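In: sequence plus the predicted model coming up.
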Amino acid sequence: MNTELAKAWAHAPGIVELTAAITRLRSIPTGATNPAVVLADQLTEQLLTGGELPDPAELGRRAIAARQAAADQAAAAQILAETSTKLGSRLADARRAGAPTALAHLGKRLAETLDQVRDLAPRLGAVKDRDQAWNAPAEIQDVWRQLEDLNRTYTEIRRAQTEVTSAITNSIPSPHGGSVALADVVRLGVLDLAGLPDIADFTTATDVNGHVVDRGQPWPTVNFGMRYTVTHLLWLTATPKAKPWIPTTKQQIAQAFERHQNAQSNANKDNTTRYEQFI
């Protein structure tokens, strides 16, 4: 269970109550039965255990009662299904309306979590990864454990962000016309890279010989739903230009997409220029 997601939705009106109602509704058994099959099974067991044949009139009364029970069960199942549909629709509306509130809460949680990372980071000294931490003194190991707890929280926050944002829409208008799938926007950088002035500056670097190389870790390849690492959190909090955020509106997501597209366009132009130098 994603506790950060549950807490975020709890800040939006009606969602907790609707979710609880749906859960209670699902606990009601709705399985339909065939009265003839049920009675035949009962009679079979009765005969196999030495019981007497029932009076035809009594068997008929059982059949009528069983058919009525089955009809009642079918009617109840239909009502429950309709109720479930209505509750689901209301929940979707409540999530759509409450998403900005939930995202604002997640934004605060993101800031709090990264502030805690910033407070702990200096205590690591020269330690940069888990292996070094476990070979360090006990106090360093304790700091790293706290950072791993924060990393789990951070991962939950980012996954909650994706879940809440998807309640707003499955796609957003593209600044370049048409629309783009929300999942693609997340992959492009909403989860971690939105807010960077120039995303392309962080993906590659120039070595001493002037060759463009991939920066490698801890620069993250943003994979949808990927679990993050302590190293990544340390990078985020130690990089001045990195400004992790949680967009609160579709417009902010669209702006993030546009910035990414601009950065990619600039990067492609640079690659073309370098290529042309060899022609």
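Out: That came through fine. Residues are numbered from 1 along each chain as shown.
In: who does the helix or strand hosting Leu110 touch, helix- and strand-wise?
Out: Per DSSP states H and E, Leu110 falls inside helix 56-120. On a contact count with 3 or more Cβ pairs under 8 Å, 6 or more residues apart in numbering; DSSP states H and E, helix 56-120 meets helix 3-10, helix 15-26, helix 35-48, helix 138-166, helix 230-238. For every residue, glycine as well, the C-beta is placed using N, CA and C.
In: closest one to Ala71 among those?
Out: Comparing the helices and strands packed on helix 56-120 by their distance to Ala71 (Cβ to Cβ), the top pick is helix 35-48, with 9.0 Å.
In: averaged pLDDT, the closest one. What do you get?
Out: Mean pLDDT, computed over helix 35-48, is 81.
In: orientation of it relative to helix 56-120 in degrees?
Out: Counting by axes from the mean of the first three to the mean of the last three Cα atoms, to 10 degrees, helix 35-48 lies at 110 degrees to helix 56-120.
In: just for the chain, where's the confidence low?
Out: 30-33, 169-227, 241-243, 248-264, 266-279 (pLDDT under 70).
In: Leu25 reaches Ser84, doesn't it?
Out: Yes: contact status for Leu25 versus Ser84: in contact at 5.7 Å, counting by Cβ atoms under 8 Å.
In: just to revisit the earlier point, to Ile79, which of the helices and strands packed on helix 56-120 lies closest?
Out: helix 15-26 (10.4 Å).
In: how big is the angle separating the closest one from helix 56-120?
Out: Using the same axes, to 10 degrees: helix 15-26 against helix 56-120 is 150 degrees.
In: show residues contacting helix 15-26.
Out: For helix 15-26, contacts defined as Cβ atoms under 8 Å, 6 or more residues apart in numbering pick out Trp9, Ala10, Leu80, Thr83, Ser84, Leu87, Gly88, Arg90, Leu91, Ala94, Arg95, Gly98.
In: for the second one, which non-adjacent residue is closest in space?
Out: Setting aside the residues directly before and after it, Ala10 is nearest to Val16 in space (Cβ to Cβ, 6 or more residues apart in numbering), at 5.5 Å.
In: run a quick neighbour tally on the residue nearest to Gln146 when sequence neighbours are not counted.
Out: Of all residues not flanking Gln146 in the chain, Leu120 sits nearest, at 5.8 Å (Cβ to Cβ, 6+ apart). When neighbours are counted by other Cβ atoms under 10 Å, Leu120 registers 19.
In: just confirm Leu120 contacts Asp142, I think it does.
Out: No: counting by Cβ under 8 Å, Leu120 does not reach Asp142; the two are 9.8 Å apart.
In: which residues are in contact with Ala12?
Out: Ala94, Arg95, Ala97, Gly98, Ala99, Thr101, Ala102.
In: buried set for stretch 123-135?
Out: Within stretch 123-135, the residues that qualify as buried are Leu124, Val127, Ala133, counting by 16 or more other Cβ atoms under 10 Å.
In: out of these, the closest to Glu58 would be?
Out: Using Cβ to Cβ, the buried residues of stretch 123-135 come closest to Glu58 at Ala133, 77.5 Å.
In: ok, the closest one to Val127 distance?
Out: Plainly put, Ala133 is 5 Å away from Val127 if you go by Cβ to Cβ, to the nearest Å.
In: how many neighbouring residues does the closest residue to Glu148 other than its chain neighbours have?
Out: In space, Glu148 comes closest to Val230 once its chain neighbours are excluded; the distance is 5.9 Å by Cβ to Cβ, 6+ apart. Val230 has 25 neighbouring residues, counting by other Cβ under 10 Å.
In: gap between the residue nearest to Gln146 and Asp131?
Out: Counting by Cβ to Cβ, the gap from Leu120 to Asp131 is 18 Å.
In: and Ala57, by the same measure?
Out: 82 Å.
In: go on, Gly125?
Out: From Gly125 over to Asp131 (counting by Cβ to Cβ), the distance is 15 Å.
In: report the contact partners of Trp9.
Out: If you count contacts by Cβ under 8 Å, 6+ apart, then Trp9 has Ile15, Val16, Thr19, Arg95, Gly98, Ala102, Val164 around it.
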